[in-house]
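# build me a model from this:
(4 chains)
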There are 2 protein chains.
Amino acid sequence: MPTWTIHHGDALAILPALTGPADLVIADPPYNSGGRTASERTSMDTRTKYVSSGSARKGAQHDLAGFAGDNRDQRAFTVWLAMVLTGALRLAAPGSSALVFTDWRQLPATSDALQAAGWTWRGVVPWHKPTSRPRPDGFRPACEYVLWGTNGQPYRHAPTVYLPGLVSGSQPRGHGRRHITQKPVDVLRQLVQVCRPAGTVLDPFAGAGSAGVAALAEDRSYIGIELTEHYADIARQRLAGWQATGAD
Amino acid sequence: MPTWTIHHGDALAILPALTGPADLVIADPPYNSGGRTASERTSMDTRTKYVSSGSARKGAQHDLAGFAGDNRDQRAFTVWLAMVLTGALRLAAPGSSALVFTDWRQLPATSDALQAAGWTWRGVVPWHKPTSRPRPDGFRPACEYVLWGTNGQPYRHAPTVYLPGLVSGSQPRGHGRRHITQKPVDVLRQLVQVCRPAGTVLDPFAGAGSAGVAALAEDRSYIGIELTEHYADIARQRLAGWQATGAD
DNA sequence: AAGAATAGTGAATCTACAC
DNA sequence: CGTGTAGATTCACTATTCT
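Numbering: from 1, shown residues only, chains lettered A, B, ... in the order given. The predicted structure follows:
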């Protein structure tokens, strides 16, 4: 029976206190890349930045809380993310994997942070969002990216698993949506397969706990860390509800 | 009536002699990323490096020539590609685009080169290859990437065009295959749409001329540069054949 | 329907060289 | 001359797609 825990606090403070081992680190950090100017990136709040114009700016359809930690410049982002991933590597079992979400703008910085932290970069899995907004006279920004790294040689599964090179799924909408940058559980369930069966998933940026739902659904245990108390509570309620009812 | 030219020689030598303007620069450079050891990367020929064990190594069906320029280390790759893209930017009309192919390993270096050369990075379009090789206990390396940059503010089309955020297509096989790293014409035709209608596509690494076929098919003119005389000849024959018969 | 291909990779084996 | 190590080479392997 897989178990779960949500810690409330800063990943940099919580990670050194944990003991592990973790068999998969799945991280969805604040991308620090929304907004077009430096001042927009560092001063705007996350609701204004990430919710497309027409909703949050002029009276919204949804009323999701913002989140902290999204106002670093690119150098600070790289160093900060490397520190978090270093803390996660300390807990990671040999052969375990790290999966780090990023967008196209921060992909190079994220790959630097992953490797600076000591993980071996093994590949990139694009996440295709079919419902992304079209862009006039240009290529639609339809993908985010999952960077895959391992702690040494990758864990050998028995039986061998073959995982996709591209995942597809739309962001949750309506009342299933709990966080501005929420990832679909279907996508996360595919990604969690790289974790050792019955192993433990460590998530330093738990948000509303989608990775936890995916982990439990795939029979992995889950340890989440979330900075914003509001979301830590939401994640706890959601995971408790999942274990009680099997529904999200 | 769109026109075409293939120049035989090194892009760094040919680009300064051209006058332009170009409305789209499409570049498929040698990725310099195959091989696992330093000596494999720098000494192995491209056929041995990229054609998988079952074919070229033990008696192949196809017998494609190798190509030059695939033995740089990553720093040299970055600097060299930046030089080529700088030469291309000089010819690029204001608002024109650059599209640069790369793989996941070289994506960060390629984005550095694109921006160092003075292009504004606008996005990434993953190219999904359905026939990619599976990878045991990991995520299949199923995508290559197209980096999109512009010379200043992007050209505004009239009427507005909406381009995909993800392209999919398999490498040509059988007798339609002329180059080890050939890109599918269907994919290139989608990408060429970002070029001003009836504009000119500049291709510093023409290879077997697939981008030229795509350009002509979409009513754009084409200027290609190819280092290997063997492939320059193939590209000339192919483009002449396309204009004569409308078939590839 | 059968066969062959894939901008690979991990493990096993072999080789060269220093001590 | 045996031994250990690093680097190079060879081998085996895989699932989806395309001819």
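
# wait, A:A215 touches A:G199, no?
No - taking contacts as CB atoms under 8 Å, A:A215 lies outside contact range of A:G199: 9.2 Å. C-beta: built from backbone N, CA, C; applies to glycine.

# these two: which has the busier surroundings?
Between A:A215 and A:G199, counted using other CB atoms under 10 Å in any protein chain shown, A:A215 has the larger neighbour count: 29 against 21.

# quick one: contacts for the spatially closest residue to A:R236 that is not a sequence neighbour?
Closest residue to A:R236 apart from its sequence neighbours, by CB to CB, 6 or more residues apart in numbering or on different chains: A:I6 at 5.0 Å. Counting by CB atoms under 8 Å, 6 or more residues apart in numbering or on different chains, A:I6 touches A:A206, A:G209, A:G212, A:G224, A:I225, A:E226, A:A232, A:A235, A:R236, A:L239.

# tell me how far A:I6 lies from B:S33.
Distance from A:I6 to B:S33, counting by CB to CB, to the nearest Å: 40 Å.

# how about the residue nearest the centre of chain A: what's its closest non-neighbour residue?
Geometric centre of chain A, nearest residue: A:D28, 2.1 Å, by CA atoms, centre = their mean. What sits nearest to A:D28 in space, not counting adjacent residues and going by CB to CB, 6+ apart, is A:F101, at 4.3 Å.

# helices or strands up against the helix or strand encompassing the one you found?
A:F101 belongs to strand A:92-102 when assigned by DSSP states H and E. With contacts taken as 3 or more CB pairs under 8 Å, 6 or more residues apart in numbering or on different chains; DSSP states H and E, strand A:92-102 sits against strand A:22-27, helix A:74-91, helix A:107-116, strand A:120-128, strand A:143-150.

# hmm, the first one touching chain B?
No - in terms of CB under 8 Å from any CB of the partner chain, no part of strand A:22-27 sits within range of chain B; the closest distance is 12.5 Å.

# average pLDDT for that strand?
Averaged across strand A:22-27, pLDDT comes to 98.

# before we move on, what about the last one?
Per-residue pLDDT values across strand A:143-150 average out to 98.

# mind checking how far stretch A:89-106 is from the chain centre?
Remark: stretch A:89-106 is offset 10 Å from the chain centroid, using CA atoms, centre = their mean, to the nearest Å.

# same check, this time on stretch A:135-153
13 Å.

# for chain A, which segments count as helices?
A:11-14, A:38-43, A:46-50, A:74-91, A:107-116, A:185-192, A:210-217, A:229-245 (DSSP state H).

# surely A:G9 and A:L227 touch.
Yes - between A:G9 and A:L227 there is a contact under CB under 8 Å: 6.8 Å.

# which one's more surrounded, these two?
Legend: neighbour count by other CB under 10 Å for A:G9 and A:L227, higher for A:L227 (22 against 14).

# okay, the more buried one: pLDDT?
Per-residue confidence (pLDDT) for A:L227: 98.

# wait, what's in contact with it?
When contacts are counted by CB under 8 Å, 6+ apart, A:L227 touches A:H8, A:G9, A:D10, A:A11, A:F67, A:A68, A:G69, A:F205.

# pick the one among the residues you listed closest to A:L18.
A:A11 (10.2 Å; CB to CB).

# what's near enough to touch that closest one?
Per CB under 8 Å, 6+ apart, neighbours of A:A11: A:V84, A:G87, A:P204, A:F205, A:I225, A:L227.

# which of those residues ranks first by neighbour count?
Counting by other CB under 10 Å, top hit in those: A:P204 with 27 neighbours.

# show me what from chain A comes close to DNA strand C.
A:R122, A:G123, A:Q153, A:P154, A:R156 (CB under 7 Å from any atom of the strand).

# can you count the residues close to the last one?
Using other CB under 10 Å, A:R156 is surrounded by 11 other residues.

# over to the third one?
For A:Q153, the neighbour count with other CB under 10 Å is 10.

# please look at A:G118 and A:T86 and confirm they touch.
Yes - using CB under 8 Å, A:G118 is in contact with A:T86, at 6.5 Å.

# contacts only, for the residue in chain A positioned nearest to DNA strand C.
Proximity of chain A to DNA strand C (CB to the nearest atom of the strand) peaks at A:Q153, 5.2 Å away. Residues in contact with A:Q153 (CB under 8 Å, 6+ apart) are A:P94, A:G95.

# where does it fall, phi/psi-wise?
Here is the backbone geometry of A:Q153 (degrees, to the nearest 10): phi -70, psi 140.

# against B:G138, how distant is it?
11 Å.

# ok, A:T160 next?
Per CB to CB, A:T160 is found 10 Å from B:G138.

# of those two, who's got more company?
Remark: of A:T160 and B:G138, B:G138 carries more neighbours, 22 against 11, as counted by other CB under 10 Å.

# spatially nearest residue to the more buried one (excluding sequence neighbours)?
In space, and not counting its chain neighbours, B:G138 is closest to A:P154: 5.7 Å by CB to CB, 6+ apart.

# I'd assumed B:D137 was in contact with the one you found.
Yes - using CB under 8 Å, A:P154 is in contact with B:D137, at 5.6 Å.

# identify the residues contacting the closest residue to A:G118 other than its chain neighbours.
Of all residues not flanking A:G118 in the chain, A:L89 sits nearest, at 5.1 Å (CB to CB, 6+ apart). Going by CB under 8 Å, 6+ apart, A:L89 touches A:V25, A:A98, A:A117, A:G118, A:W119, A:N151.

# tell me, how many neighbours does A:P197 end up with?
If you count neighbours by other CB under 10 Å, A:P197 ends up with 12.

# in chain A, which residue sits nearest DNA strand D?
Closest point on chain A to DNA strand D, by CB to the nearest atom of the strand, is A:Y162, at 4.4 Å.

# count the neighbours of A:D219 for me.
Counted with other CB under 10 Å, A:D219 comes out at 13.

# measure it to chain B for me?
18 Å (CB to the nearest CB, to the nearest Å).

# quick check: that residue touching A:A198?
Yes - counting by CB under 8 Å, A:D219 touches A:A198, with 6.0 Å between them.

# chain A against chain B: which residues are in contact?
Contacts of chain A with chain B, taken as CB under 8 Å from any CB, map to A:104-105, A:107-108, A:111-112, A:121-126, A:128, A:132, A:134-143, A:148, A:154-157, A:160-166, A:194.

# list buried members of those by neighbour count.
A:104-105, A:107-108, A:111-112, A:121-126, A:128, A:132, A:135, A:137-143, A:148, A:154-155, A:157, A:163, A:165-166, A:194 (16 or more other CB atoms under 10 Å in any protein chain shown).

# so where's chain A uncertain?
The model of chain A has pLDDT under 70 over residues A:34-42, A:52-62.

# let's see it at 50
A:54-60 (pLDDT under 50).

# which residue lies farthest from the center of it?
Within chain A, A:D137 marks the point farthest from the mean C-alpha position, 30.6 Å out by CA atoms, centre = their mean.

# list the contacts for that residue?
For A:D137, the contacting residues are B:P154, B:Y155, B:R156, B:H157, B:T160, B:V161, B:V194, by CB under 8 Å, 6+ apart.

# would you mind naming what in chain A lies close to DNA strand D?
So chain A meets DNA strand D at A:T160, A:Y162 (CB under 7 Å from any atom of the strand).
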